[in-house]
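Participant: Coordinates only, no sequence provided:
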């Protein structure tokens, strides 16, 4: 396929999960595209205040992604963008059980509805690089063909594997529908609010002792761009979407001016499990596994097929740092000043010693 | 690359025991602290031409600041060239030169740029030979090449060890990683004997063990990379393994539990390697570019693996004749 794909702008687009940050931004962006006739956002909860203003141009239907049923057929929908995934359990909204219900059962029911929608031409699914699992025998860089060697311990990773399994089944049954699966690296950016951005925003950051994970981030705006292109162009298949380049976890923490506190790995897993059963904490085994193993993906297929390269991991992270600079503990300028002070001090002492001798 | 590298370039190959120039990690210290020469103490430092210590202190501080601010690059495998150059290689060079008195030959068989798969014999209870080999290549080769070592997954299971392995350019021994590194034009170091090689008894020294399934050969064939056999003499004597306590190894989930003349009797002192004399010889490269289509032909793969194995074994015998006394000068 040529870069850019064939041009066939869709008529009616359904976006799931519009009450959340990503869904609201994608729906607003698609609604602003004159090539698209109609954008319908579906989600159960009322959008929060931070995304409310975005959805003025978007028709909204309050129903969860799982119970779309005949809606897709009645509305003559030709494209579905499925973004209603929960990446971490929220203790206030049912915890892990509700998360699995929404991720796995929700996707299953949406795909079942898609299968019965006669006009459907395209489906775009949000997935995650968590699909590669985490194992000590993993290759350093995952391509789209890499199979996970072990089922991930974390709930989100397991959900992603299930979801991708359903998509494979859907592709077999409706081979005429263009199915695009986007495996996103963790989002970061000046405004995005995710588990990882909250993690790096703390002044003191826990890390795993003796491990320095290789991380990749995707700038939120690049995620929007790729999703937008997936809707207006045709890119069937599975794609890794991440910022090129790598940051080590320790390096990212230093760049953000935070302090790393290493903790022992067996203790972390225990503490995370305990916190989960007590309904505390936003971190899961997904994060522990990410910080033990790291995760780097190859994005050459994305670059080839979309003709688009996201900004680098380092640049995306810099954008995040700029927005959160106020809370840095150690800044670059302070380090430079300290360096000069120590250097001057040593020179003075040496000069004094030399004069005396 | 940094300044000391270029200086070492001029030193030439025969000048092995010359003291290398001071390692100043920052190529241009004046750039990072602009008003260096205008500082109050600058005249005192400037009256001695080329004040080495001042440069070292300034370079060291700049290095420290860059590390603390995260101002460095790591590649997708986690390799951190700055840290490797400034910390790990200087430490290893001590061991390489002063402790093991290593002599290297056949470096002309390793190209100055472009990919190569370096296949060696494994020995020595702990895989010190891999580190010494990478030091030899970086220190003695005119292009100061980095060797990207492949490690067993046990290495990457262990905390701290896994971190150091990745930072110094290592990765898990699996075909996707090898092929990716080779396609990127890197020198990859592999020891196909694996734990069978390092965990053999002293009585078995310099007898090459089985070469696994030849996965390294198919990786080289698929990328058309030349295979460079290398023979390493000296590694077997550093921790002469007299016995292997298998039940203890099973209990600790290790491939073997060594008993040497000093370990575990002397405790931590037993970890000090014996000062054997090391000889390393790089053999002529075996081209594979014409065999790219046979990467999945088991016969071709096994024959080539055998050829590599024979070459290393014969070179080992030749080197051993040159070194009658393992602990000689």
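Facilitator: Nice, thanks for sending it over. Model, not experiment: these values are computed from the prediction.
Participant: Report the contact partners of residue A:206.
Facilitator: A:260, A:261, A:262, A:263, A:268 (CB atoms under 8 Å, 6 or more residues apart in numbering or on different chains). Quick note: C-beta positions are derived from backbone N, CA and C, even for glycine.
Participant: is it true that residue B:135 touches residue B:93?
Facilitator: Yes - counting by CB atoms under 8 Å, residue B:135 touches residue B:93, with 5.9 Å between them.
Participant: So which of these two has more stuff around it?
Facilitator: residue B:135 (25 against 18; other CB atoms under 10 Å in any protein chain shown).
Participant: Could you list which residues are in contact with the more buried one?
Facilitator: The contact partners of residue B:135, by CB under 8 Å, 6+ apart, come to B:89, B:92, B:93, B:95, B:96, B:102.
Participant: Helix, strand, or coil at residue B:150?
Facilitator: Classification of residue B:150 using DSSP: H, G, I helix; E, B strand; the rest coil returns strand.
Participant: What residues does whichever residue of chain B sits closest to chain A make contact with?
Facilitator: At 2.6 Å from chain A, residue B:159 is the closest residue in chain B, using CB to the nearest CB. Residue B:159 is in contact with A:208, A:209, A:210, A:211, A:265, counting by CB under 8 Å, 6+ apart.
Participant: if we can go back for a sec, dump the contacts of residue A:206 to a markdown table, plus distance to chain B and neighbour count.
Facilitator: Converted to a markdown table, the contacts of residue A:206 look like this (distance: CB to the nearest CB, whole Å; neighbours: other CB atoms under 10 Å in any protein chain shown):
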| residue | distance to chain B | neighbour count |
| --- | --- | --- |
| A:260 | 11 | 16 |
| A:261 | 15 | 11 |
| A:262 | 9 | 15 |
| A:263 | 11 | 13 |
| A:268 | 12 | 21 |
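Participant: Select from these every entry located in strands.
Facilitator: Among the contacts of residue A:206, DSSP state E puts A:260, A:261, A:262, A:263 in strands.
Participant: okay, who's weakest in these by pLDDT?
Facilitator: Among the ones in strands among the contacts of residue A:206, residue A:263 carries the lowest pLDDT, at 86.
Participant: which SS state does the residue nearest to that one when sequence neighbours are not counted fall under?
Facilitator: Leaving aside its sequence neighbours, residue A:263 sits nearest to residue A:206 (CB to CB, 6 or more residues apart in numbering or on different chains; 5.4 Å). Following three-state DSSP, we place residue A:206 in the strand state.
Participant: Okay, and the beta partners of residue A:206?
Facilitator: On the basis of DSSP bridges, residue A:206 is bridged to residue A:261.
Participant: And it, how close does it get to chain B?
Facilitator: As judged by CB to the nearest CB, to the nearest Å, residue A:206 and chain B stand 15 Å apart.
Participant: quick one: residue A:23 and residue A:45 touch, right?
Facilitator: No - with contact defined as CB under 8 Å, residue A:23 does not reach residue A:45; the gap is 11.1 Å.
Participant: Among those two, which residue is more densely surrounded?
Facilitator: Set residue A:23 next to residue A:45 and count neighbours by other CB under 10 Å: residue A:23 wins out with 27 against 12.
Participant: Please identify the nearest residue in space to the more buried one, excluding sequence neighbours.
Facilitator: Residue A:23's closest residue in space is residue A:17 (CB to CB, 6+ apart), at 3.7 Å.
Participant: How confident was the prediction at the one you found?
Facilitator: 89.
Participant: swap in residue B:35?
Facilitator: With respect to pLDDT, residue B:35 has a value of 38.
Participant: next one: residue B:79
Facilitator: Note on residue B:79: pLDDT of 96.
Participant: Which residues are in contact with it?
Facilitator: Contacts of residue B:79 by CB under 8 Å, 6+ apart are B:146, B:148, B:166, B:167, B:168, B:169.
Participant: give me that answer again for 10 Å
Facilitator: The contact partners of residue B:79, taken as CB atoms under 10 Å, 6 or more residues apart in numbering or on different chains, are A:140, A:214, A:246, B:73, B:146, B:148, B:166-171, B:181, B:186.
Participant: hmm, back to that, measure the residue nearest to residue A:23 to residue B:275 for me?
Facilitator: Separation of residue A:17 from residue B:275 (CB to CB, to the nearest Å): 66 Å.
Participant: Around chain B, pick out the residues from the stretch 51-200 of chain A.
Facilitator: Contact residues (CB under 10 Å from any CB of the partner chain) of the stretch 51-200 of chain A with chain B: A:135, A:136, A:137, A:138, A:139, A:140, A:141, A:142, A:143, A:145, A:146, A:149.
Participant: what about the last one, is that helix, strand or coil?
Facilitator: This means residue A:149. coil.
Participant: Count the neighbours of the residue lying closest to residue A:107 once chain neighbours are set aside for me.
Facilitator: Nearest residue to residue A:107, sequence neighbours excluded (CB to CB, 6+ apart): residue A:163, at 4.8 Å. Neighbours of residue A:163 under the rule other CB under 10 Å: 24.
Participant: again, but for residue A:230
Facilitator: 25.
Participant: That one reaches residue A:82, doesn't it?
Facilitator: No - applying CB atoms under 10 Å as the test, residue A:230 and residue A:82 come out as separate, 11.3 Å apart.
Participant: Residues that sit against both of those two, list them.
Facilitator: A:123, A:124, A:125, A:181.
Participant: Quick one: distance of stretch A:11-24 to the chain centre.
Facilitator: Counting by CA atoms, centre = their mean, to the nearest Å, stretch A:11-24 is centred 16 Å from the centre of its parent chain.
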